[in-house]
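In: here you go, sequence then predicted model.
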Amino acid sequence: MKYFSLMCFVVLFAQSKVSIAEEKYLIVKGNILNQVSVPEAKRVICNDKNIICMNSYYRYTIKVLESLTDQSPKIIQAANYHHGPLYYRGSDDYIFVLEPIAEDANQRVLGANYMIIEQRVQKSEFCFEQGLKAYIGSNIEYSEELKEKCIDADTAFSGMRERLMLDMRLAIWEELESQSYYIDGYMVGMDNNGTLYFPNDEEPEICSADELDTYNIDIWEECSPWNDEIYIVEFVLNKGAAPQVMQMIQGKVNELPVSGVISELSLTSKPKHDVVRWTFEVVTL
């Protein structure tokens, strides 16, 4: 990420707090427009190896949608300190609790009028008396997510299917790696036009340098060239091992007591080895 320099000197803030103005909190709902590092503002060095040090300042530009306490500017510059940049969605509505910063050197270096005391994004869940694993099959050893009592409402079934398949893929991969007939395994990428990309291929570039530098997940998803709905993995095996591997994979897929999963297996025979391609996709029914 590109860092923007505000001054040519370094200001060390005391470990306690940035000096705060004698005003009440401002509580607003809004969107994050951007996130910028403020390297000139550094907290006291953290030497404790047992904790994650919150020693970096970032400035956020917030578009205010609604204010609970007082009338608020439509655009607010607010600072926060944490270990590193945060991933966020520009389309998400956050609620911010903001505290005014005194008009002094701290405010000038941070380029902000407020410190972020709290920020929360809406999260919806379905919660049950026990994890869904108990209801759909105790023989499923893969997904830890099915053991949880609450699941994310946005992804719900598709998210659980995807997580289950990814966990199963990992378990199968680890099992194959322990076999003498296993040579190699690798992921195969697919772009939005259906073109396949293997480990040594040059990846397609659609995102600009600025888009790649952002931590706004919305922008990443919009400019990403990859098809994120289809998963492809290839296993390189000694000659003769492919039929039993394909039977093993298909058997485990058939054991899953969930619908909405499309799984395909294909075999390519090479002079010295065989390649099994496993393609799967989670669909919404």
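Out: That came through, no problem.

In: and the strands in this protein?
Out: Here the chain has its strands, by DSSP state E, at 11-13, 26-43, 56-67, 75-82, 94-100, 114-121, 125-127, 150-152, 182-190, 196-197, 230-238, 261-269, 273-282.

In: who does the longest one touch, helix- and strand-wise?
Out: Read that as strand 26-43. strand 11-13, strand 56-67, strand 75-82, strand 94-100, helix 105-110 (3 or more Cβ pairs under 8 Å, 6 or more residues apart in numbering; DSSP states H and E). Where C-beta positions appear, they are placed from N, C-alpha and C, glycine not excepted.

In: list the buried residues for the third one?
Out: Residues of strand 75-82 classed as buried: 76-81 (neighbour count, 16 or more other Cβ atoms under 10 Å).

In: and the spatially closest residue to Gln122 that is not a sequence neighbour, its phi and psi?
Out: Closest residue to Gln122 apart from its sequence neighbours, by Cβ to Cβ, 6 or more residues apart in numbering: Asp93 at 6.5 Å. With angles defined as degrees, to the nearest 10, Asp93 sits at phi -90, psi 130.

In: residues in contact with Asp93?
Out: 29-31, 65, 121-122 (Cβ atoms under 8 Å, 6 or more residues apart in numbering).

In: thinking again about what came up before, using JSON lines, please lay out the helices and strands packed on strand 26-43 together with distance to Cys127 and mean pLDDT.
Out: Rendered in JSON lines, the data for the helices and strands packed on strand 26-43 read as follows (distance: least, Cβ to Cβ, whole Å; pLDDT from 0 to 100):
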{"stretch": "strand 11-13", "distance to Cys127": "41", "mean pLDDT": "40"}
{"stretch": "strand 56-67", "distance to Cys127": "28", "mean pLDDT": "90"}
{"stretch": "strand 75-82", "distance to Cys127": "29", "mean pLDDT": "88"}
{"stretch": "strand 94-100", "distance to Cys127": "22", "mean pLDDT": "93"}
{"stretch": "helix 105-110", "distance to Cys127": "39", "mean pLDDT": "69"}
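
In: between the ones you listed, which one is closest to Val258.
Out: strand 94-100 (33.7 Å; Cβ to Cβ).

In: what sits up against the closest one?
Out: Here strand 94-100 has contacts from 20-21, 23, 25-32, 62, 76, 78, 113-121, using Cβ under 8 Å, 6+ apart.

In: ok, now with 7 Å
Out: If you take Cβ atoms under 7 Å, 6 or more residues apart in numbering as the criterion, strand 94-100 is touched by 20-21, 23, 25-30, 32, 62, 78, 113-121.

In: quick one: that strand to strand 56-67, angle?
Out: 110 degrees (axes from the mean of the first three to the mean of the last three Cα atoms, to 10 degrees).

In: and the angle from strand 94-100 to strand 26-43?
Out: Using the same axes, to 10 degrees: strand 94-100 against strand 26-43 is 70 degrees.

In: now the angle from strand 94-100 to strand 75-82?
Out: Using the same axes, to 10 degrees: strand 94-100 against strand 75-82 is 90 degrees.

In: filter the contacts of Asp93 down to the buried ones, ChimeraX style.
Out: Per 16+ other Cβ under 10 Å, the buried members of the contacts of Asp93 correspond to this ChimeraX selection:
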select :29,30,31
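
In: of all the contacts of Asp93, which comes closest to Asp218?
Out: Asn31 (10.2 Å).

In: surely the closest one meets Ile76?
Out: No: using Cβ atoms under 7 Å, Asn31 is not in contact with Ile76, being 11.1 Å away.

In: picking up where we left off before, could the strands of the chain go into JSON lines alongside distance to Gln247?
Out: Below are the strands of the chain laid out as JSON lines (distance: least, Cβ to Cβ, whole Å):
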{"stretch": "strand 11-13", "distance to Gln247": "63"}
{"stretch": "strand 26-43", "distance to Gln247": "50"}
{"stretch": "strand 56-67", "distance to Gln247": "52"}
{"stretch": "strand 75-82", "distance to Gln247": "49"}
{"stretch": "strand 94-100", "distance to Gln247": "50"}
{"stretch": "strand 114-121", "distance to Gln247": "45"}
{"stretch": "strand 125-127", "distance to Gln247": "36"}
{"stretch": "strand 150-152", "distance to Gln247": "32"}
{"stretch": "strand 182-190", "distance to Gln247": "15"}
{"stretch": "strand 196-197", "distance to Gln247": "25"}
{"stretch": "strand 230-238", "distance to Gln247": "13"}
{"stretch": "strand 261-269", "distance to Gln247": "9"}
{"stretch": "strand 273-282", "distance to Gln247": "11"}
